[in-house]
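Undergrad: Need a 3D model of the sequence below.
(one chain, ligands or ions: 1)
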Amino acid sequence: MSESRASRAAGLTMARHIDHMRHGLSHVATRDYHPPSAVGNLRWTEDLLLSTYEQAATGRPPLSGREYRVGRSGGGFDKIHFLFPRGTRSPDASNLEPDLSLILNRRETGPDIRMPLPVYGGGFSFGSVGINVMLARAMAARHLGSFTSTGEGGYPTPLRAYEESVITQIATGLFGVHEENLICAPILEIKYAQGAKPGLGGHLLGNKVTADVAGMRGSVPWVSLFSPFPFHSVYSVEDHRKHVDWLRTVNPRAAISVKVSTPTDVDMVAVGIYHAGAHIIHLDGGYGGTGAAPEIAKKNIAMPIEYAIPKVHRTLIEEGIRDEVVLMVSGGIRTAFDVAKAIAMGADGCVIGSSELVAMGCTQCKNCETGRGCPFGLTTTDPELIRLIDPEWGAERIVNMYSSWQIQWREILRRLEVPSIAALRGRTDLLCHEDFERE
Ligand code: SF4
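TA: From the prediction side, this is the model:
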């Protein structure tokens with residue numbers, strides 16, 4: 001993956017452009033004044049975007065002094081902080097080499113799956129993104145010993161080369177779901193809803209439904225596609241159990257993950273998912289998704305993930321089943337610090353989407369569904385635009401971002417004197433909320 005190839009990429013060019021604009025504004029920057037952002041928004045601030053680009057280029061936490069841990073949303077993870085002990089660190093803590101690995105099946109039966117890091121990639125369907133983005137994510141997942149999800153648009157043949165790292169998603173539209181795609185997967189993911197637009201199903205506008213996308217989904221080119229909400233065959237825990245049984249019969253080697261959004265009774269939903277036989281409960285809160293999800297839905301329907309995690313964690317403990325099921329969470333988790341906070345709230349690990357796109361140059365411009373799609377070759381199926389992403393280059397950017405995150409997780413654990421990421425789970429005593437800090 002040569003530097004010349006990297007410098008061809010539109011994302012990096014944009015990063016430099018933004019950098020110049022930012023420095024051009026530095027003469028008006030003071031401690032209390034934030035110059036207007038050239039790009040981004042209050043959640044994905046200009047600093048977070050640029051610092052993620054930097055991590056994706058270097059594989060290390062940024063040296064530029066930019067904020068890389070939180071945004072400026074005024075809520076959520078941006079107001080929650082770790083209570084790091086003050087004073088000199090003990091020699092034991094300094095020498096700590098924390099274990100970041102995560103076991104993905106805690107039941108007595110089923111596959112033995114462990115990842116060396118507590119995150120894997122969430123679903124972006126073939127159609128919402130092009131094949132080069134999918135390949136970049138799959139290559140990165142294989143390199144990291146992690147996973148990436150197909151999303152709901154089927155399983156393009158080139159992904160087969162990475163099948164040990166690819167999760168097959170079964171969503172409500174059943175687009176591209178075939179037995180051969182189920183048999184090859186290490187994890188099967190049933191998607192009931194997504195936090196960015198719960199209750200709205202999925203939609204792919206006609207201008208992204210190329211002949212290839214339509215072929216994969218068994219539909220007609222240039223006609224918009226809508227996935228219903230919910231599965232019309234599932235209206236109870238018993239129905240859900242039949243779904244899980246179906247998948248376990250087709251592929252007994254696979255772990256079963258069940259992805260749901262975060263309604264107010266999400267804790268009871270989680271208990272039902274466990275009793276139906278799933279290995280992984282995947283909660284998807286609001287604020288995730290690409291620019292294809294309506295803003296009004298992202299911000300107003302699902303419960304923010306930082307509320308859902310402790311609620312589900314506590315209920316699973318009360319039910320005596322917490323250590324038999326894995327809790328993965330997603331929905332607006334942007335940084336290594338967000339991941340660590342989610343785990344301290346009670347998650348086992350996180351599912352990452354947008355940050356991987358940002359590592360490949362996403363500017364959060366929200367044009368994912370406009371015209372030919374993403375101008376940087378990310379959320380597009382346009383044959384010319386998809387070529388802007390070289391899969392090897394993209395994979396290197398994602399691997400670098402996670403390398404930097406691993407450095408940060410180890411440092412967080414050392415500072416907290418916690419020996420492993422697993423031991424951080426549920427340690428809310430190590431967190432504080434800005435609004436209650438004084439109390
Ligand atoms: S179009 Fe979508 S994926 Fe592309 S840069 Fe904008 S927000 Fe990111």
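
Undergrad: Just give me the neighbour total for the nearest residue to G377 once chain neighbours are set aside.
TA: Take G377 and drop its neighbours on the chain: the residue closest to it by Cβ to Cβ, 6 or more residues apart in numbering is L388, 3.0 Å away. For the C-beta atoms, the positions are set from N, CA and C on the backbone; glycine is no exception. L388: 24 surrounding residues under other Cβ atoms under 10 Å.

Undergrad: V177 now?
TA: Residue neighbour count, defined by other Cβ under 10 Å, stands at 18 for V177.

Undergrad: wait, what's in contact with it?
TA: Contacts of V177 were listed using Cβ atoms under 8 Å, 6 or more residues apart in numbering, and they are G154, T168, I170.

Undergrad: Would you map the strands across the protein?
TA: Taking DSSP state E as the criterion, the chain carries its strands at 80-82, 102-103, 114-115, 119-121, 148-149, 166-170, 187-191, 202-204, 225-227, 255-260, 280-284, 326-330, 349-352, 431-433.

Undergrad: Return the member of these having the minimum mean pLDDT.
TA: Here the lowest mean pLDDT among the strands of the chain goes to strand 202-204, at a mean of 75.

Undergrad: Kindly provide the distance from the residue nearest to K259 when sequence neighbours are not counted to the ligand.
TA: The shortest distance from K259 to any residue other than its chain neighbours is 4.0 Å, reached at H282 (Cβ to Cβ, 6+ apart). With distances defined as Cβ to the nearest ligand atom, to the nearest Å, the gap from H282 to the ligand amounts to 22 Å.

Undergrad: again with I183
TA: Distance of I183 to the ligand, computed by Cβ to the nearest ligand atom: 32 Å.

Undergrad: For the ligand, give me its nearest residue in the stretch 51-200 of the chain.
TA: Evaluated by Cβ to the nearest ligand atom, the stretch 51-200 of the chain has V129 as its residue closest to the ligand, separated by 8.2 Å.

Undergrad: didn't that residue look like it was pressed against D382?
TA: No. Using Cβ atoms under 8 Å, V129 is not in contact with D382, being 11.5 Å away.

Undergrad: The two: who's more crowded?
TA: Neighbours around V129 and D382, counted as other Cβ under 10 Å, are more numerous at V129. The numbers are 28 against 18.

Undergrad: show me the residues around that one that make contact.
TA: Residues in contact with V129 (Cβ under 8 Å, 6+ apart) are G151, L378, T379, T380, T381.

Undergrad: Of the residues you listed, which are in range of the ligand?
TA: The subset of these lying close to the ligand, counting by Cβ under 6 Å from any ligand atom, consists of L378, T379.

Undergrad: In TSV: the strands of the chain, plus distance to R69 and mean neighbour count.
TA: Putting the strands of the chain into TSV (distance: least, Cβ to Cβ, whole Å; neighbours: other Cβ atoms under 10 Å) gives the following:
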stretch	distance to R69	mean neighbour count
strand 80-82	9	19
strand 102-103	21	18
strand 114-115	23	14
strand 119-121	16	27
strand 148-149	25	28
strand 166-170	28	26
strand 187-191	29	26
strand 202-204	32	22
strand 225-227	35	19
strand 255-260	27	25
strand 280-284	22	27
strand 326-330	18	25
strand 349-352	15	27
strand 431-433	14	14
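
Undergrad: Now render these as a markdown table, adding distance to A211.
TA: Conversion of the strands of the chain to a markdown table gives the following (distance: least, Cβ to Cβ, whole Å):
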| stretch | distance to A211 |
| --- | --- |
| strand 80-82 | 47 |
| strand 102-103 | 39 |
| strand 114-115 | 36 |
| strand 119-121 | 26 |
| strand 148-149 | 24 |
| strand 166-170 | 22 |
| strand 187-191 | 25 |
| strand 202-204 | 14 |
| strand 225-227 | 14 |
| strand 255-260 | 29 |
| strand 280-284 | 31 |
| strand 326-330 | 31 |
| strand 349-352 | 31 |
| strand 431-433 | 50 |
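
Undergrad: This completes my enquiry, with thanks.
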